[in-house]
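Student: following is a predicted model, sequence given first.
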Amino acid sequence: MIKVDVSNVISEVEIEKYQSKVTEINKMIDDRSGAGNDYLGWTTWPKDYDKEELVRLLKDAKYVRENFDVLVVAGIGGSYLGAKCALDALKGLKGSDKPEIIFMGQTFSPNYTHQVLEYLKDKNFAINVISKSGTTTETSIAFRLLKDLLEKKVGKEKARKAIYAVTDKEKGALKTLCNNEGYSTYVLPGNIGGRYSVLTPVGLFPLAVAGVDVKAMLQGSLDALNDLDNDDLKTNIAYRYAVSRDYMYRHHRPVEMFVTYEPQMSQLSEWLKQLFGESEGKEKKGLLPTSATFSTDLHSLGQFIQDGSPLLFETIVNIVNPELDVVIPSDKDDLDGLNYLAGKTLSYVNQNAFKGTLKAHEEDGGVPCNIITVDKLDAYNLGYLFYFFMRTCAMSAYLLDINPFNQPGVEIYKKNMFHLLGKKGY
Ligand code: PA5
């Protein structure tokens, strides 16, 4: 169902040279002995997640689905991007019909926040606050505003039953608040970092509320775990992709452009930018992850990709069979000259745009392209893809001799901001 072709980026001979290093790192991941090893819980999560908690989560999600018009999800970074990506990918850009899912707390924007709060004033809404640390400023401000609005609207008692939290099992200000207020709470395990948490309640609660088949998603990730937890570079698609990335990095292609031809997959690129950027971008090393949605961006970035500085390689996620399609009609006058496409589908046109662009970029532009082919977009395949990319990311970072699971650089802007805002201790 998912195929990975790295042949335009790295040869089999070059892949083979990585085998002993990959064997060593894979053992390190399995033994949990490398840097950041206390954050490797995601590697086996698809088989050892808390089954009882999932039953409770699905029951609560059903209740929210049946009793509210809107679910507002407050979170940022790893506590936001995975759910947003899966919602767009599986429910389309129009979003799920009922309940509507809205995100807040992923920005300080006064305009956006004001607009959402205004919109919610006459809506029957529930809140899903997600924060592992329980202290992230964007999320905390959003939750304070949402809680305040809800309590004023329906009273403290009713609000309590409309608030669902995902946070650490015991640490953090949000956990204390949940304990004091008695909110329904699900656990983001201590040994799973934010950007590796999409398959935990962080992603599963909002997705279940939106009607996504989260069990199929977990099954996809379990199958990925079974397929990819080995060191065989001839067959392990995650590790073949990881070494292709490393090879590009070491051969003067420091930018990886994630490409999709399906706009509802462009949030996958956002999730990937965080996953790889925050995991690898340390110690003055790492590929710069960037993204484009074709054919839209062929009319903007296309020129640079084809003829500009030779900095980048592409990783294209190609969805072969769209769920929906459109047939181009015939026109008796054919003044627009499109009758040669009459009776053809947009997916036929899109796939040919993909093939034509690939040839242009690879052959004429000299841009190496990895191709990840996904037969169709569903919860199972997305669960598989999430695990596949996380496994790739861990291997890639360890190939650079980097801890994939911390983000020390992110703290510096926060310190400056807290100092300017007058937070105690800064
Ligand atoms: O990957 C990470 O760890 C980060 O991107 C976090 O997910 C993000 O900073 C949000 O943190 P928290 O869930 O603690 O609010």
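Tutor: Now that the structure is in, tell me what you want to look at.

Student: near the ligand, which residues of the stretch 251-400 of the chain?
Tutor: residue 278 (C-beta under 6 Å from any ligand atom). All C-beta spots, glycine's among them, are computed from the backbone N, C-alpha and C.

Student: reduced to three states, what does the closest residue to the ligand within the stretch 251-400 of the chain come out as?
Tutor: Closest contact between the stretch 251-400 of the chain and the ligand, by C-beta to the nearest ligand atom, is at residue 278 (5.6 Å). Following DSSP: H, G, I helix; E, B strand; the rest coil, we place residue 278 in the helix state.

Student: that one - nearest residue in space that isn't next to it in sequence?
Tutor: Using C-beta to C-beta, 6 or more residues apart in numbering and skipping residues adjacent in sequence, the residue nearest residue 278 is residue 407, 5.0 Å away.

Student: show the average pLDDT along the top helix by length along the chain.
Tutor: As assigned by DSSP state H, the longest helix anywhere in the chain is helix 379-399. Mean per-residue pLDDT for helix 379-399: 98.

Student: over to stretch 91-110?
Tutor: pLDDT averaged over stretch 91-110 gives 89.

Student: and stretch 154-171, by the same measure?
Tutor: Here the average pLDDT along stretch 154-171 is 96.

Student: next, the distance between the ends of that stretch.
Tutor: 29 Å (C-alpha to C-alpha, to the nearest Å).

Student: likewise stretch 71-87?
Tutor: Using C-alpha to C-alpha, one end of stretch 71-87 lies 13 Å from the other.

Student: any part of that stretch near the ligand?
Tutor: Yes - Stretch 71-87 reaches the ligand (C-beta under 6 Å from any ligand atom) through 76-79.

Student: show the model's pLDDT score for the residue of the stretch 251-400 of the chain closest to the ligand.
Tutor: On pLDDT, residue 278 comes in at 98.

Student: list the contacts for it?
Tutor: 77, 195, 407, 410 (C-beta atoms under 8 Å, 6 or more residues apart in numbering).

Student: in the chain, where is pLDDT below threshold?
Tutor: Along the chain, the model assigns pLDDT under 70 to residues 95-96.

Student: biggest strand in it, by residue count?
Tutor: Identified as the longest strand of the chain according to DSSP state E is strand 312-321.

Student: what is the helix or strand following that strand packed up against?
Tutor: Heading C-terminal from strand 312-321, the first helix or strand you meet, by DSSP states H and E, is helix 346-359. Applying 3 or more C-beta pairs under 8 Å, 6 or more residues apart in numbering; DSSP states H and E, one finds that helix 346-359 makes contact with strand 312-321.

Student: how about the strand it packs on as PDB, C-alpha atoms only?
Tutor: This file holds the C-alpha atoms of strand 312-321, laid out as PDB (Å, rounded to 0.1, in the frame of the first residue of the first chain):
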ATOM      1  CA  LEU A 312      17.300  21.000  -2.600                       C
ATOM      2  CA  PHE A 313      15.900  17.500  -3.200                       C
ATOM      3  CA  GLU A 314      12.300  16.600  -3.200                       C
ATOM      4  CA  THR A 315      10.300  14.000  -1.200                       C
ATOM      5  CA  ILE A 316       7.000  13.600  -3.000                       C
ATOM      6  CA  VAL A 317       4.000  11.900  -1.300                       C
ATOM      7  CA  ASN A 318       1.900  10.800  -4.200                       C
ATOM      8  CA  ILE A 319      -1.700   9.700  -3.400                       C
ATOM      9  CA  VAL A 320      -2.700   7.500  -6.400                       C
ATOM     10  CA  ASN A 321      -6.500   7.100  -5.900                       C
END
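
Student: in stretch 330-348, what counts as buried?
Tutor: The neighbour-count check on stretch 330-348 (16 or more other C-beta atoms under 10 Å) flags residue 347 as buried.

Student: so what touches that stretch?
Tutor: Residues outside stretch 330-348 that contact it (C-beta under 8 Å, 6+ apart) are 321-322, 325-329, 349.

Student: could you export stretch 203-210 as PDB, CA atoms only?
Tutor: In PDB, the C-alpha atoms belonging to stretch 203-210 read as follows (Å, rounded to 0.1, in the frame of the first residue of the first chain):
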ATOM      1  CA  GLY A 203      -4.200  13.000  18.100                       C
ATOM      2  CA  LEU A 204      -6.700  10.400  18.900                       C
ATOM      3  CA  PHE A 205      -9.200  12.400  21.000                       C
ATOM      4  CA  PRO A 206      -9.900  15.200  18.500                       C
ATOM      5  CA  LEU A 207      -9.800  12.700  15.600                       C
ATOM      6  CA  ALA A 208     -12.300  10.400  17.300                       C
ATOM      7  CA  VAL A 209     -14.600  13.400  17.900                       C
ATOM      8  CA  ALA A 210     -14.300  14.200  14.200                       C
END
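
Student: so who does the residue lying closest to residue 120 once chain neighbours are set aside touch?
Tutor: Nearest residue to residue 120 in three dimensions, chain neighbours excluded: residue 149, at 6.2 Å (C-beta to C-beta, 6+ apart). Going by C-beta under 8 Å, 6+ apart, residue 149 touches 117, 120-121.

Student: try residue 246
Tutor: Residue 246 touches 18, 396, 399-400, counting by C-beta under 8 Å, 6+ apart.

Student: looking at this protein, which residue is nearest the ligand?
Tutor: The ligand sits closest to residue 194 of the chain, with a gap of 2.1 Å, by C-beta to the nearest ligand atom.

Student: look up how far residue 143 lies from that residue.
Tutor: 16 Å (C-beta to C-beta, to the nearest Å).
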